[in-house]
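>>> Sequence and predicted model, in that order:
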Amino acid sequence: MGEPELEKLGHLEPLLQRHDCVPQPVSIIRDEEKSLLVNIAGFQTSVERFKFTPVPSSRTWVCYVVPNGVVNNDNIRCILHPKPGGVM
């Protein structure tokens with residue numbers, strides 16, 4: 001993955017070992033009741049809130065069920081986004 005601070009987080013290790021997380025630009029378009037409408041690398045989709053996790057990184061990582069598959073809620077395992085303040 002190439003993110004030493006993320007790799008130090010033991011609870012993320014099983015996720016990171018899958019090699020299905022890629023750095024991608026993610027912007028929030030709209031806050032919805034149980035999800036966020038986002039733009040991920042040019043694709044617009046709603047992603048459930050529980051899939052967002054703040055991490056010590058300067059980049060946003062999107063982890064997929066099927067890498068290189070469809071960009072939608074069902075195929076997104078989680079979104080690891082920079083916590084306030086960025087890298088620890």
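Okay, I see it.

>>> Point out where the protein drops to low pLDDT.
1-19, 85-88 (pLDDT under 70).

>>> again, 50 this time
1, 86-88 (pLDDT under 50).

>>> Tell me which residue is most central in it.
residue 79 (1.6 Å; Cα atoms, centre = their mean).

>>> what does the helix or strand harbouring that residue contact?
Element membership of residue 79 [criterion: DSSP states H and E] is strand 76-82. Strand 76-82 is touched from outside by 6, 12, 15, 20-21, 26, 38, 45, 47, 51-65, with contacts defined as Cβ atoms under 8 Å, 6 or more residues apart in numbering. For the C-beta atoms, the positions are set from N, CA and C on the backbone; glycine is no exception.

>>> same check, this time on stretch 39-54
Taking contacts as Cβ under 8 Å, 6+ apart, the residues outside stretch 39-54 that touch it are 24-27, 29, 32, 34-38, 62, 71-73, 76-84.

>>> could you dump it to PDB, C-alpha only?
C-alpha atoms of stretch 39-54 as PDB (Å, rounded to 0.1, in the frame of the first residue of the first chain):
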ATOM      1  CA  ASN A  39     -17.900  11.600  -6.600                       C
ATOM      2  CA  ILE A  40     -15.200   9.000  -6.800                       C
ATOM      3  CA  ALA A  41     -12.800   9.500  -9.700                       C
ATOM      4  CA  GLY A  42     -15.600  10.900 -11.900                       C
ATOM      5  CA  PHE A  43     -18.300   8.400 -10.800                       C
ATOM      6  CA  GLN A  44     -21.200   9.600  -8.700                       C
ATOM      7  CA  THR A  45     -22.700   7.200  -6.200                       C
ATOM      8  CA  SER A  46     -24.200   7.000  -2.700                       C
ATOM      9  CA  VAL A  47     -22.100   5.200  -0.100                       C
ATOM     10  CA  GLU A  48     -23.400   4.200   3.300                       C
ATOM     11  CA  ARG A  49     -21.900   6.200   6.200                       C
ATOM     12  CA  PHE A  50     -20.500   3.300   8.100                       C
ATOM     13  CA  LYS A  51     -18.100   2.600   5.300                       C
ATOM     14  CA  PHE A  52     -16.200   5.800   5.900                       C
ATOM     15  CA  THR A  53     -13.200   5.500   8.300                       C
ATOM     16  CA  PRO A  54     -10.800   8.400   9.200                       C
END
